[in-house]
Each structure stands twice: as structure tokens, then as C-alpha cells.
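**Student:** Just the structure for this:
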Amino acid sequence: MTILVTGAAGFIGFHVSERLLARGEEVIGIDNVNDYYSVELKRDRLAELARRHNGFRFIQVDFAGNDALQEAVAGERFDGIVHLGAQAGVRYSIENPHAYVHSNLVGHLNMLELARHRQSPHLVYASSSSVYGGNEILPFRVEDRVDHPLSLYAATKKADELISETYAHLYRLPQTGLRFFTVYGPWGRPDMAMWLFAKAIFAGEPIQVFGEGNMRRDFTYIDDIVTGIVACLDNPPPDDGAEKAGGSKGPHRLYNIGNHRSEELSRMIELLEEACGRKAEKRLMPMQPGDVRDTYADISAIQRDLGFEPKTRIEEGIPRFVDWYRRYHRL
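**Tutor:** Presented below is the predicted three-dimensional model:
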């Protein structure tokens, strides 16, 4: 089989491509390799995939440009789509809203149209735990209403889910949307707290701890995220009229993928300090606009349907991330 993976130069896209290639699939990766964060890191991920696997082909294209996308994949055949490409980042969406509408709304529509016209048997796409916004009841369940996003990023991801539901209803396009919870691990994103903290600790610089340190996150190790994505890809939702996870009666499911453990931010910092072998100088900061104080995933739907069980606690995952960070930066 050949799988089209968008965002292949990104953190999750890289790891999904690696897993699919390792089990014998061919992967067509597409990405515009933008400069939201280090282009060098993105190029290094792509080089690593090409070095390890002959079955990986990469096309640099912005899938939010429909003409360019159609031209780029005109001669390609694929048996499924994993759509992970997006403009990420809650805080950046406050500064640059147009980038989010371009990539996350127009780009999502373009991928749906591609899947529809190619009659793709399944489109798995990335949503986000940020859609839960101001919800106060924990853990977050896919059955919860998500009508009060706290950032434009969250609003675009909720809009993606609604557009996908429409395509499932009108065109019977099988889809699975995944609400990821604070993904971390090797080859991660430099704009995420764990990377920023590790960088500052190794440099002997203070770390900025937002929410005065009184925040909790459902930290989810990348290998567990990938296991959930691949399980979804292998199991398209049936078009049987039955209600699916998330409430759809079309061939469209929504799942949380998290570790099902809400950890204190202070505990994450302690484990980073242990793995780095240094203490962090902490500067307590107020909550940032668009941020939420606590996240916690109810994963009962994906457990029930697909047998998904996260295996990696932060006590194991954070040292693995730091080990990789040291090697990558030659520390």
C-alpha cells in the first residue's frame, strides 16, 4: 500500500511516516517546509526518512494552494491519506491569524476534495485537544460540547471537524479526526515547552513557567500517538448508520489520543532537571492568552473501538527525549 502523509517534515508526520515505512508501506510525504520553526530540523527529519527507507518519496508543496497540490500529486496513486499538516501553535495564531485560515481551513478543504475525487478509502486527520477550550469538567470527552475555543488555532481545528462531518454526510467519505494531547518525544517541536525548557536548562538560562506553574497537561509520548494514528488508519469507520465516537451517524469518527494522565507542570520540570543533570531557574509567569490551565484526555472511545492503550509514562518518555536532544545537538 501507498499512503499520502501531509506534514511529513513535521514532528508527528515524520514519526508516522517512519512507522508506516518500517512495516513495509510506501509513503508519499508532502510538506511546504515553512519557517514557523527551524527549517534545518525539518530537512533533517526528511533526510533521516530517506536514509532509512527506499519507499519514501517527498514532494515539497503547500497543500493550501489547490492548483499546486493537484499538479504535485497528478501522477501519484495512494491507498489512504494521513493529513497531519497544519499551521500549529496556539500563541502564534494570535499574531498571524491569516496563516491559520490559509493552512488549516483552506488546506483542510483541499485535502478533503482530493480524498473525495480520488475516492480515498480513508482520510485520517489531525484535530487538537485545544478544541475543548474553556471546558472545566475533566477528563475531556469526545461527547463534550466544544463551542468555546480560546484561540483561533482551536477554532480552525473545530471548523475542520465540522467540514469533515459535512463531507462524510454528503459524499460518504470515511474519515477519522484525532484530538492530540501535548505530544512530546525525539524529533519534537522547538516551540513546545519541553524543548524550550531543555534548551534553557542546558544553556544555563531561566525558564519561563506560565500559569505561575499551576498547570496540568496530558503529556503523550510520540510512539503512543503514532500507534493510535496507525490503528485508526487501518480501521476506517463503517458507513452503517450507527452513531460513531463524536456523535456522527456518517462514516466519521472523533477520538482523543492522550496518555490518560494529567500531570503537574512542576513534575515535568523535575523530570527534565533529572534527565539534564541540572537545576532550572524558574521564572513564574501569568497565563498566556489562548492557553488553557488543564488538559486530561478521556480515551475510552478509542480504547473501546480499537484497543488503544498508551504505554509510556513521562518518567520514561522525558529521559528518552533528553537523550535524543543531547545527541542531536551534540551536547
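
**Student:** Might one say that residue 196 is in contact with residue 189?
**Tutor:** No - here residue 196 does not reach residue 189: they are 9.7 Å apart, not a contact under CB atoms under 8 Å. C-beta here means a position set from N, CA and C on the backbone, and glycine is covered the same way.

**Student:** ok, these two, which is more surrounded?
**Tutor:** Higher neighbour count among residue 196 and residue 189: residue 189, with 20 against 14, using other CB atoms under 10 Å.

**Student:** Can you dump the C-alpha atoms of the longest helix seen in the chain in CSV for me?
**Tutor:** Longest helix of the chain, by residue count under DSSP state H: helix 152-171. C-alpha atoms of helix 152-171 as CSV (Å, rounded to 0.1, in the frame of the first residue of the first chain):
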residue,chain,number,x,y,z
LEU,A,152,-8.0,30.9,16.6
TYR,A,153,-5.9,27.7,16.3
ALA,A,154,-8.6,25.9,18.3
ALA,A,155,-11.4,27.4,16.3
THR,A,156,-9.8,26.3,13.0
LYS,A,157,-9.5,22.7,14.3
LYS,A,158,-13.1,22.7,15.4
ALA,A,159,-14.1,24.0,12.0
ASP,A,160,-12.1,21.2,10.3
GLU,A,161,-14.1,18.7,12.3
LEU,A,162,-17.4,20.3,11.1
ILE,A,163,-16.3,20.4,7.5
SER,A,164,-15.2,16.8,7.7
GLU,A,165,-18.6,15.9,9.1
THR,A,166,-20.3,17.6,6.1
TYR,A,167,-18.1,15.6,3.7
ALA,A,168,-18.9,12.4,5.5
HIS,A,169,-22.6,13.2,5.2
LEU,A,170,-22.7,14.4,1.6
TYR,A,171,-20.1,12.2,0.0
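
**Student:** Which strands or helices does the least confident helix or strand in the chain by mean pLDDT pack on?
**Tutor:** Lowest by mean pLDDT, DSSP states H and E among the helices and strands of the chain is helix 92-95, with a mean of 83. Here helix 92-95 touches helix 97-100, helix 152-171, going by 3 or more CB pairs under 8 Å, 6 or more residues apart in numbering; DSSP states H and E.

**Student:** centre of the chain versus the longest helix of the chain, how much separation?
**Tutor:** Centroid displacement of helix 152-171 relative to its chain, using CA atoms, centre = their mean, to the nearest Å, is 16 Å.

**Student:** List the contacts of the least confident helix or strand of the chain.
**Tutor:** Under the criterion CB atoms under 8 Å, 6 or more residues apart in numbering, residues 36, 87, 99-100, 151-153, 156, 191, 289-290 lie in contact with helix 92-95.

**Student:** just the strands in the stretch 101-250 of the chain please.
**Tutor:** With DSSP state E, counting those that start in this stretch as the criterion, the stretch 101-250 of the chain has strands at 123-126, 175-180, 183-184, 207-209, 216-217, 220-221.

**Student:** for those strands, which one sits closest to residue 241?
**Tutor:** strand 175-180 (16.0 Å; CB to CB).

**Student:** Can you list the strands that the closest one pairs with?
**Tutor:** Take DSSP bridges as the rule and strand 175-180 pairs in its sheet with strand 123-126 (parallel), strand 252-257 (parallel).

**Student:** Paired strands for whichever helix or strand comes after the longest one, with orientation please.
**Tutor:** Think strand 252-257. Per DSSP states H and E, the first helix or strand lying C-terminal to strand 252-257 is strand 263-264. When pairs are called by DSSP bridges, strand 263-264 turns out to pair with strand 216-217 (antiparallel).

**Student:** returning to what we had before: what angle do the longest helix of the chain and strand 175-180 make?
**Tutor:** Interaxial angle of helix 152-171 relative to strand 175-180 (axes from the mean of the first three to the mean of the last three CA atoms, to 10 degrees): 160 degrees.

**Student:** Would you mind listing the buried residues in stretch 53-71?
**Tutor:** Buried residues in stretch 53-71, defined by neighbour count with 16 or more other CB atoms under 10 Å: 53, 55-56, 58-59, 61-66, 69.
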